[in-house]
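>>> Provided below are the primary sequence and the corresponding predicted coordinates.
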Amino acid sequence: NAGVTQTPKFRVLKTGQSMTLLCAQDMNHEYMYWYRQDPGMGLRLIHYSVGEGTTAKGEVPDGYNVSRLKKQNFLLGLESAAPSQTSVYFCASSYEGDEQFFGPGTRLTVL
Amino acid sequence: DQQVKQNSPSLSVQEGRISILNCDYTNSMFDYFLWYKKYPAEGPTFLISISSIKDKNEDGRFTVFLNKSAKHLSLHIVPSQPGDSAVYFCAAPEGANNLFFGTGTRLTVIP
């Protein structure tokens, strides 16, 4: 039982490049979330999903897109990366929107 | 505007003593609070929670106190151990779709 896993762990992009972060959970959770954590700030919600095929915007959605084609996977896309998107990204999942289980994070640097 | 605030970025405590981590919130609609613990290069892990119908919840060495009139909660760790050294986040959910995090307090337990 791996819990929540994230791929990749680290990535360096140039401004304007695109990439996709993958989150996978094996707990059969309905809810999945993408957060970013920046220095001196708490985690902030980017997008979330309340079930397969559904997505919704969180607190800081601009510049990101998401997809939930399968219940166990939640993808976060950056179409044209900007230096302001340099951050640590955390994926999380929960059964009924209560306790959230987090992945180990992806450290992204945009040059 | 930060709805959940942790005003102490860091705290150092001797091993065996009590650690007290504080959290304030501004949204009186919050009715459930969680504490997460985060080690470097890992995702946050759930530690303890409290519902607004209670003013105290205890789990082993960890106790959370809630003062609704002051919009304040605190996490007590007794006795503190070196393995408790981590960043602690206070969080409050808005429905099932968003978790507002504080900025975290880095606890260092000195052996």
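Received the coordinates, thanks.

>>> now stretch A:69-85, how far from the centre of its chain.
Here stretch A:69-85 is found 6 Å from its chain centre; the criterion is Cα atoms, centre = their mean, to the nearest Å.

>>> and that stretch, does that touch chain B?
No - Stretch A:69-85 stays clear of chain B (Cβ under 8 Å from any Cβ of the partner chain), getting no nearer than 13.9 Å. From N, CA and C alone the C-beta is placed, and that goes for glycine too.

>>> Enumerate the residues of chain B near chain A.
With Cβ under 8 Å from any Cβ as the criterion, chain B meets chain A at residues B:2, B:4, B:6, B:9, B:34, B:36, B:41-46, B:49, B:89, B:91, B:93, B:95-104.

>>> So which of those are in helices?
Counting by DSSP state H, none of the members of the residues of chain B next to chain A fall within helices.

>>> Mark which of the residues you listed are buried, thanks.
Taking 16 or more other Cβ atoms under 10 Å in any protein chain shown as the criterion, what is buried in the residues of chain B next to chain A is B:4, B:6, B:34, B:36, B:43-44, B:46, B:49, B:89, B:91, B:93, B:97-104.

>>> quick one, phi psi at residue A:83?
phi -50, psi -30 (degrees, to the nearest 10).

>>> what bits of the chain have low per-residue confidence?
All of this refers to chain A. A:97 (pLDDT under 70).

>>> got the residues of it near chain B?
Counting by Cβ under 8 Å from any Cβ, chain A comes close to chain B at A:4, A:31, A:33, A:40-45, A:48, A:50, A:56, A:58-59, A:90, A:92, A:94, A:96-105.

>>> Mind listing the residues bridging to the residue at minimal distance from the centre of chain A?
What sits nearest the mean C-alpha location of chain A, by Cα atoms, centre = their mean, is residue A:34, with 3.2 Å. Beta-bridge partners recorded for residue A:34 (DSSP bridges): residue A:47, residue A:91.

>>> what's the distance between it and chain B?
Per Cβ to the nearest Cβ, to the nearest Å, residue A:34 is found 12 Å from chain B.

>>> Residue A:5 now?
For residue A:5, the distance to chain B - Cβ to the nearest Cβ - is 10 Å.

>>> partners of that residue in the sheet?
Residues in beta-bridge contact with residue A:5 (DSSP bridges): residue A:24.
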